[in-house]
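[1] this one's structure only:
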C-alpha cells in the first residue's frame, strides 16, 4: 500500500498521552469547555493531548472537510486515536476490507503525525478462529501508523493457547493490546441508578490483563460515580505507568465515567497523582474555569 502520510514531524513527544472518549460534551461547558461561545477541538486540546476517535467507529470514514478542520484545530503534539469503522470490524469482521481500509487511512492523511494508535475494536464473539483475518489486516497495515487491538472474547482472557497466539501476533506486528479496565465500573451493582445500569450494560465485563506488546500501551479506564472506588482501582496503574515511561514507552490513558460528565476532572486527578511521582508537564487550566475567572 502506498504511504499515505508525510514524514513525521520533530515535535517532542510527551511522556504520557491523556484524554477521553470525545472532545465535546455539553455537560463539560463551564468546566473543561467554555460556558459561553462556540466550542471546538482547540478548547479540549489546550488541556488534553489525545482523544479516542469513537466518531469513526459509528459514522465510518469521515468527510474530507471534517478531517481538514481537525487538522487545522489540533496542535502538533495532539494525537487522534481513531477506531476502525464498525462496518469493517463488526459487519465484515475484517474480511475483504483492504480497499475500504486504504480509503480510511488515506482520508486521515491530512492529520499526518497527529495520528496516534488507530484502534481495532473487535466484536465480543470474535475469537481465536478469526485471528487469521486480524493477521491479514495487521500485515497490510502501514508501518508508520501505530495500531492497537481491543478484544472482548473470553478466548483471549484465559492465558491459554488462544491468548498466547493473540499476544504473539501483536508482538510480531508491533501492535498494542488495548487494556480495558472496567473494575471500577462493575465494583457495585447498579441498584436504582439507571445511568450506572446503562453503562454496565454497554461495556463488556472482561478481566483485566496488563500486558505491553508494543511501545504505546493503551489503557481505557472506565470509572464509577464513586470517586473513592475510582482512585482505589487506579492506584496500581500509577506504578505501571511510571515503569513504562522509564522503559522508554509512551502510554495512552483514556478516562471514562458512566455518563462521562465527570471524566475531565477524574482524568486531571489521575494525571496529578502520577505527576506527584514522576516529572510530567503541568496540565493547563480548563478553558471554562479560565473563562469564569474573568467574570
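    Here it is on my side, so go on. Source: prediction; values computed, not measured. Numbering: from 1, shown residues only.
[2] which residues does the residue nearest the centre of the chain form beta bridges with?
    By CA atoms, centre = their mean, the chain has its centre lying nearest to residue 52, at 4.1 Å. When assigned by DSSP bridges, residue 52 has beta-bridge partners residue 81.
[3] how much space between it and residue 254?
    The spacing between residue 52 and residue 254, counted by CB to CB, to the nearest Å, is 5 Å. C-beta here means a position set from N, CA and C on the backbone, and glycine is covered the same way.
[4] any stretches of the stretch 1-150 of the chain with poor pLDDT?
    Applying pLDDT under 70 to the stretch 1-150 of the chain picks out residues 1-11.
[5] those strands in it, which residues are they?
    In the stretch 1-150 of the chain, the strands defined using DSSP state E, counting those that start in this stretch lie at 17-20, 50-53, 79-82, 118-121, 147-150.
[6] can you give me how far the fourth one is from the chain middle?
    Between the centre of strand 118-121 and the centre of its host chain there is 9 Å, according to CA atoms, centre = their mean, to the nearest Å.
[7] what about residue 168, neighbour count?
    12 (other CB atoms under 10 Å).
[8] what are the contacting residues of the helix or strand containing it?
    Under the criterion of DSSP states H and E, residue 168 resides in helix 161-172. Residues from elsewhere that reach helix 161-172 (CB atoms under 8 Å, 6 or more residues apart in numbering): 127-128, 131, 134-135, 138, 149, 151, 155-157, 175-177, 209, 211, 213-214.
[9] of these, keep whichever come out buried.
    Buried residues within the contacts of helix 161-172, counting neighbours by 16 or more other CB atoms under 10 Å: 127-128, 131, 134, 138, 149, 151, 155-156, 175-177, 213-214.
[10] just those now: which is nearest residue 196?
    Comparing the buried ones among the contacts of helix 161-172 against residue 196 with CB to CB places residue 151 closest, at 24.8 Å.
[11] surely the closest one meets residue 128?
    No. Residue 151 lies out of contact with residue 128 (CB atoms under 8 Å); the separation is 9.9 Å.
[12] thinking again about what came up before, now, the buried ones among the contacts of helix 161-172 that are in helices?
    If you go by DSSP state H, the buried ones among the contacts of helix 161-172 have 131, 134, 138 in helices.
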